[in-house]
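Student: could you look at this predicted model? Sequence included:
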Amino acid sequence: MSLTQLAGIFLAAILTENYILCKFFGICPFLGVSKKLDTALGMSLAVTFVMVLSTAVTWPIYTYILVPKELDYLQTLVFILVIAGLVQLVEIILKKYMPSLYNALGIYLPLITTNCAVLGVTMLVLDKGAQDPSFGYIASLVNAFGAGVGFLVAMVMFAGVRERLESCNIPESLQGLPITLVSASLVACSFLGFNGIVDGLLK
Amino acid sequence: MSGIITAVLLVVVISLIVGVVLAAASVLMEVPTDEKTEKIEESLPGANCGACGYSGCAGYAAALSNGEAQLGLCSLGGQEAIDAIAPIIGTQAVKSVPKTAVVHCGGNDSNTAKMAEYQGVRSCACANQLFAGLGKCLYGCIGYGDCVHVCEYGAISINDGVAQVNVEKCRACGKCVNVCPKKLIAIEPKRSHAVVKCINCDKGAQTKKSCAVGCIGCMKCDNECSLGAIRIEKFHAVIDAEKCTGCEKCVSVCPQHVIEMSR
């Protein structure tokens, strides 16, 4: 797989296949933690980290254990188990050896153990691999990293939108969650504009 | 049949591996935590209100166990929390006085009036920027209820244009104290004591024109008080709630009827 192809996968994961705004995974942290820029940033970094790490672990498990034994129907169960255990392990290691990073990411790590965006990435890269045999381990990792960066882009953008919302005069019936969902849908609409841009960029 | 057995076995094996690795990791890489801090945090109410001045209950617990903070800052936990924490940090329990917020203004709609009509954002902070709230009295309650909005316990209401604290609901967290642009609210002991319902800093004649229940600084209460709890500051009386015993002598002598008992 050439470098251009990998760059294409990375950019596509951020823009055209954005896991929050195009596939609507991980709406819960998207609405919950996007109130402030710094928490949005911390959460997205933690998500990116966990996405790459769990893809790195679940891909071999699926390809070399589940598929040969024809147990691929177990993937949801096994993936949740492995991801949850992995995140716990990472939390323990960070706490011991990198306390500063633990303090920055610590409270978000348990929150995303079984986040659907993380599970979605690990399962969707396998679907892609099934459709296109050249989509291997490296491509999956790049895709997972791109998905994390896409999560970060969506969170940071939406944190900005919400900070603007704070100072707006919102009708009483729309205050709180309703106006947040309306603005989220508008941001998602704007992401549809990226359709086809990646193919055009790398031609 | 063998399919399901392999499936069950596989999941069991994976769970076992994950479990053993996690258990080993938690033993090998254990980070010593401060037992004292944990115990103290358990004794605190866990409301994370911030009234103690630290970042939540965990912050206060850490400061307590380092000996940086004083006991009794937690107004929500009160005496119970103090009694529980004192043996943990090895100090004598101090006496906690239950506290409540008190509004120092009695200028309701029948006692004072607005100078002009205000049509901006219904917020004291905004109104205060325009001619100090457009009331006849520049020191009194604006009455748009910034304190009502900030109160998490629903303890404050606006009655007749003046904020009123429901003593039963108030937890003395101090959020209203910080939000009031007129600095009219103070945290004082809950027991009965005299309160000057005015902080007007104008001279007496001016105060009389702006409000029917404004303190004119006549010093009658000061002369009457045998405990030295009253002083006159900037043309209005101030009562030291710690010294006041609630004898009500000042209440009866006040010509403007500004002094009231707190409950």
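Tutor: Nice, I can see it.
Student: B:Glu30: how many residues sit nearby?
Tutor: 11 (other Cβ atoms under 10 Å in any protein chain shown). Every residue, glycine included, has its C-beta placed from N, CA and C.
Student: apart from its chain neighbours, what residue comes closest to it?
Tutor: A:Lys96 (7.9 Å; Cβ to Cβ, 6 or more residues apart in numbering or on different chains).
Student: name the helix or strand for that neighbour, please.
Tutor: Using DSSP states H and E, A:Lys96 sits within helix A:75-97.
Student: for the residue in chain A that chain B sits nearest to, which non-adjacent residue is spatially closest?
Tutor: Taking Cβ to the nearest Cβ as the measure, chain A has A:Gly85 as its residue closest to chain B, at 3.5 Å. Spatial nearest neighbour of A:Gly85, chain neighbours left out: B:Val18 (3.5 Å); criterion: Cβ to Cβ, 6+ apart.
Student: what does A:Thr122 give?
Tutor: A:Thr58 (4.5 Å).
Student: close to chain B: what parts of chain A are there?
Tutor: A:61, A:65-66, A:69-71, A:74, A:77-78, A:81-82, A:84-85, A:88-89, A:92-93, A:95-97 (Cβ under 8 Å from any Cβ of the partner chain).
Student: I'd say A:Leu165 and A:Thr180 touch.
Tutor: Yes - using Cβ atoms under 8 Å, A:Leu165 is in contact with A:Thr180, at 7.4 Å.
Student: looking at these two, which is more packed in?
Tutor: A:Thr180 (19 against 16).
Student: quick one: pLDDT of B:Ala93?
Tutor: Looking at B:Ala93, its pLDDT is 65.
Student: what's the spacing between A:Gly26 and A:Val125?
Tutor: As judged by Cβ to Cβ, to the nearest Å, A:Gly26 and A:Val125 stand 16 Å apart.
Student: burial of the closest residue to B:Asp34 other than its chain neighbours, as a residue count?
Tutor: Nearest residue to B:Asp34 in three dimensions, chain neighbours excluded: B:Ser65, at 5.8 Å (Cβ to Cβ, 6+ apart). Neighbourhood size, B:Ser65 [other Cβ under 10 Å]: 20.
Student: now swap in A:Tyr137 and tell me
Tutor: By other Cβ under 10 Å, the residues close to A:Tyr137 number 14.
Student: relative to B:Lys136, how far out is it?
Tutor: 77 Å.
Student: show me the strands in chain B, by range?
Tutor: B:99-103, B:156-159, B:162-165, B:185-189, B:194-196, B:230-233, B:236-239, B:259-261 (DSSP state E).
Student: could you give me the average pLDDT of the third one?
Tutor: To tie it back to what came earlier, the one meant is strand B:162-165. Mean predicted confidence for strand B:162-165 is 90.
Student: so what does it touch, helix or strand wise?
Tutor: Applying 3 or more Cβ pairs under 8 Å, 6 or more residues apart in numbering or on different chains; DSSP states H and E, we find strand B:162-165 packed against strand B:99-103, strand B:156-159.
Student: in CSV: those, plus mean pLDDT.
Tutor: As requested, the helices and strands packed on strand B:162-165 are exported to CSV (pLDDT from 0 to 100):
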stretch, mean pLDDT
strand B:99-103, 88
strand B:156-159, 90
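Student: so which of those strands is nearest B:Ile239?
Tutor: B:Ile239 lies closest to strand B:99-103 among the helices and strands packed on strand B:162-165, at 10.3 Å (Cβ to Cβ).
Student: what lies in contact with the closest one?
Tutor: B:75, B:141, B:155-156, B:162-165, B:167, B:170, B:172, B:174, B:176-177, B:184-190, B:195, B:197, B:262 (Cβ atoms under 8 Å, 6 or more residues apart in numbering or on different chains).
Student: are any of the residues you listed buried, and if so which?
Tutor: For the contacts of strand B:99-103, a neighbour count by 16 or more other Cβ atoms under 10 Å in any protein chain shown gives the buried set as B:75, B:141, B:155-156, B:162-165, B:170, B:172, B:174, B:176-177, B:184-190, B:195, B:197, B:262.
Student: picking up where we left off before, ok now the helix holding A:Lys96, how far from the chain's centre?
Tutor: 16 Å (Cα atoms, centre = their mean, to the nearest Å).
Student: same thing with stretch B:9-27?
Tutor: Here stretch B:9-27 is found 49 Å from its chain centre; the criterion is Cα atoms, centre = their mean.
Student: so B:Val150 makes contact with B:Lys175?
Tutor: Yes - between B:Val150 and B:Lys175 there is a contact under Cβ under 8 Å: 4.8 Å.
Student: low-confidence ranges in the chain?
Tutor: Reading this off chain A. Scanning chain A for pLDDT under 70 picks out the ranges A:1, A:104-107, A:114, A:203.
Student: that was the other one, I meant chain B.
Tutor: Within chain B, the stretches with pLDDT under 70 are B:1, B:50, B:55, B:92-96.
Student: number of nearby residues for B:Ile14?
Tutor: 18.
Student: nope, B:Met261 is what I was after
Tutor: 12.
Student: next one: A:Glu166
Tutor: 8.
Student: list the contacts for it?
Tutor: Applying Cβ under 8 Å, 6+ apart, we find A:Glu166 in contact with no residue.
Student: end to end on stretch B:180-196, go ahead and measure it.
Tutor: 17 Å (Cα to Cα, to the nearest Å).
Student: who does the closest residue in space to B:Gly145 that isn't next to it in sequence bridge with?
Tutor: Using Cβ to Cβ, 6+ apart and skipping the chain neighbours, the partner closest in space to B:Gly145 is B:Ile158 (4.9 Å). Beta bridges link B:Ile158 to B:Ala163 when assigned by DSSP bridges.
Student: okay, now B:Ile158: neighbour count?
Tutor: By other Cβ under 10 Å, the residues close to B:Ile158 number 16.
Student: gap between it and chain A?
Tutor: To chain A, B:Ile158 is 19 Å away according to Cβ to the nearest Cβ, to the nearest Å.
Student: what residues of stretch A:42-60 count as buried?
Tutor: Residues A:42-55, A:57-59 are the ones in stretch A:42-60 that count as buried (16+ other Cβ under 10 Å).
Student: run a quick neighbour tally on the residue in chain B positioned nearest to chain A.
Tutor: Nearest to chain A, among the residues of chain B, is B:Val18, at 3.5 Å (Cβ to the nearest Cβ). Neighbour count for B:Val18, taken as other Cβ under 10 Å: 17.
Student: contacts only, for it.
Tutor: B:Val18 makes contact with A:81-82, A:84-85, according to Cβ under 8 Å, 6+ apart.
Student: which pair of the residues you listed spans the longest distance?
Tutor: A:Val82 and A:Ala84 (7.4 Å).
Student: neighbour-wise, which of these two wins?
Tutor: A:Val82 (20 against 16).
Student: right, and that one touches A:Trp59 too?
Tutor: No - in this structure, A:Val82 is not within contact of A:Trp59 by Cβ under 8 Å, at 10.8 Å.
Student: can you list the domain ranges for chain B.
Tutor: Each domain of chain B is listed here as a residue range: B:35-89, B:97-190, B:191-263, per automatic domain parsing.
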